[in-house]
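In: pasted the sequence and its predicted model underneath.
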Amino acid sequence: MTQDQTAEQMPAAESADQSADQGPAAESAAPPAVDSERIKELEAEIAKLKNDVLYAKAETENTRRRLEQQAEDRGRYAISNIAKDVLSVADNLRRALDSVPASAREGNESLTALTTGVEMTERELLATFERYGIKLVAAQGERFDPNLHQAMMEMEDPSQIEGTVVLVMQAGYTLHDRLLRPALVGVAKGGPKSGGNNVDTKV
């Protein structure tokens with residue numbers, strides 16, 4: 001090897017030595033761009049999966065509550081059909097009592113005993129209704145409510161505020177918070193208006 005060839009190889013050897021000394025520090029100072037993009041993609045994917053999990057948990061909770069409510073409703077309103085049929089028994093007891101005027105009971109022990117027995121039966125039946133959540137709809141003297149009452153006629157009565165229920169033709173009932181049967185009523189008209197508003201008696 002000549003002296004000139006040795007001189008040409010020296011700078012390359014020095015450069016190699018310098019790169020070896022700076023090796024690990026240089027790599028950590030500038031990470032490859034492709035790794036940064038991949039990290040962003042993974043972070044976005046993780047965020048999406050977190051949202052999916054939260055949505056699934058919320059949907060599961062809503063479904064659980066809906067099923068519990070449906071089960072509760074089935075229990076609360078399971079007697080609706082049989083209750084509607086039994087209401088006719090209460091109607092007939094009331095009709096029987098209404099058909100006997102008070103004057104007819106005076107001096108008639110047999111009729112008095114009979115009507116007293118019917119009254120006791122009616123009270124016991126209504127008490128049983130109450131135990132199962134069946135309640136009478138307030139109607140007589142109340143303001144007409146299309147959610148609870150069904151207007152069968154309008155009656156001229158200037159002494160009553162228009163829209164007041166002045167006649168109950170058939171009692172209405174609710175089962176818990178649901179209407180089981182509307183009260184059939186007659187509604188006053190021709191009297192003063194309540195708050196200047198007309199009452200819509202159409203159902």
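Out: All right, it came through fine. Residues are numbered from 1 along each chain as shown.
In: list the contacts of the residue nearest the centre of the chain.
Out: What sits nearest the mean C-alpha location of the chain, by CA atoms, centre = their mean, is residue 69, with 8.6 Å. Counting by CB atoms under 8 Å, 6 or more residues apart in numbering, residue 69 touches no other residue. For glycine as for every other residue, the C-beta is placed from the backbone atoms N, C-alpha and C.
In: and the next element down the chain from the lowest-mean-pLDDT helix or strand in the chain?
Out: Least confident helix or strand, the chain: helix 3-29 with a mean of 51, by mean pLDDT, DSSP states H and E. Counting by DSSP states H and E, the next helix or strand C-terminal to helix 3-29 is helix 33-77.
In: following that following helix, which helix or strand shows up next?
Out: Immediately after helix 33-77, counting by DSSP H and E, sits helix 80-98.
In: contacts for that next one?
Out: 115, 118-119, 121-122, 125-126, 129, 132, 134, 170-171, 173, 175, 178, 180-181.
In: buried residues of stretch 49-60, list them for me.
Out: Across stretch 49-60, burial judged by 16 or more other CB atoms under 10 Å covers no residue at all.
In: quick check: closest non-adjacent residue to residue 186.
Out: In space, and not counting its chain neighbours, residue 186 is closest to residue 167: 3.3 Å by CB to CB, 6 or more residues apart in numbering.
In: wait, that neighbour sits on residue 155?
Out: Yes. Using CB atoms under 8 Å, residue 167 is in contact with residue 155, at 6.5 Å.
In: joint contacts of these two?
Out: With CB under 8 Å, 6+ apart as the test, residue 167 and residue 155 both reach residue 186.
In: the host helix or strand of residue 125 versus helix 80-98: what angle between them?
Out: Following DSSP H and E, one finds residue 125 within helix 109-131. On the basis of axes from the mean of the first three to the mean of the last three CA atoms, to 10 degrees, helix 109-131 is oriented at 150 degrees to helix 80-98.
In: tell me what helix 109-131 is packed against?
Out: Identification of packing neighbours for helix 109-131 by 3 or more CB pairs under 8 Å, 6 or more residues apart in numbering; DSSP states H and E yields helix 80-98, helix 102-105.
In: out of those, which is the most enclosed?
Out: helix 80-98 (a mean of 13; mean count of other CB atoms under 10 Å).
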